[in-house]
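Asks: build me a model from this:
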Amino acid sequence: MARAKRATIFRRGDTWWVAHWKDGDRVRESTGTENRKLAEEVRRAREREMLLGTSELQHEVVRALNDPARRVAILSALEPAPRVEVTRALSEYMTYSAAFKRPKTVAADRGRL
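Replies: Numbering: from 1, shown residues only. Okay, the predicted model is just below:
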């Protein structure tokens, strides 16, 4: 019986992996990324390869990640926002609350925070 032409992603440690069937054998390969969205792109590329019958076709994202200069640019764009001091974040939130919430809700928020 032929296997479905589907691929799945899973995590091993912090890295995402793709699993699929090729010539009756289960193939597991690392996506080389910790980002789930990029791993989903690799999974879709593997499914496309299986449906079209192509082999070892690399998706644009994988080629970009293999290029060191482009890899740095991609990973720097995916970095989390810089950390903000708690007192600054609290004052910004209270300013927002005062503008958009009722006074009683603002007082309740201030008491909890």
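Asks: that's a strand at residue 9, yeah?
Replies: Yes: counting by DSSP: H, G, I helix; E, B strand; the rest coil, residue 9 is located in a strand.
Asks: surely residue 6 is within a strand?
Replies: No: assessed with three-state DSSP, residue 6 is coil; it does not lie in a strand.
Asks: my read: it touches residue 47, true?
Replies: Yes: with contact defined as CB atoms under 8 Å, residue 6 and residue 47 form a contacting pair (6.4 Å). Backbone N, C-alpha and C define where each C-beta goes, glycine included.
Asks: mutual contacts of the two, please.
Replies: Common neighbours of residue 6 and residue 47, counting by CB atoms under 8 Å, 6 or more residues apart in numbering, are residue 20.
Asks: so which of those two has more stuff around it?
Replies: residue 47 (17 against 13; other CB atoms under 10 Å).
Asks: so the more buried one makes contact with residue 18?
Replies: No: the pair formed by residue 47 and residue 18 falls short of the contact definition of CB under 8 Å, at 9.5 Å.
Asks: now for those two: what residues contact both?
Replies: Common neighbours of residue 47 and residue 18 (criterion: CB under 8 Å, 6+ apart): residue 7.
Asks: pLDDT of the longest strand anywhere in the chain, averaged?
Replies: Longest among the strand segments of the chain by residue count, using DSSP state E, is strand 15-22. Mean per-residue pLDDT for strand 15-22: 90.
Asks: could you say what helices and strands that strand packs with?
Replies: With contacts taken as 3 or more CB pairs under 8 Å, 6 or more residues apart in numbering; DSSP states H and E, strand 15-22 sits against strand 8-12, strand 25-30, helix 36-52.
Asks: could you tell me the least trusted of these?
Replies: Taking the mean pLDDT of those, helix 36-52 comes last: a mean of 87.
Asks: following the helix or strand residue 90 falls within, which helix or strand shows up next?
Replies: Using DSSP states H and E, residue 90 maps to helix 86-100. Downstream of helix 86-100, the first helix or strand assigned by DSSP H and E is helix 103-112.
Asks: cool, thanks, talk later.
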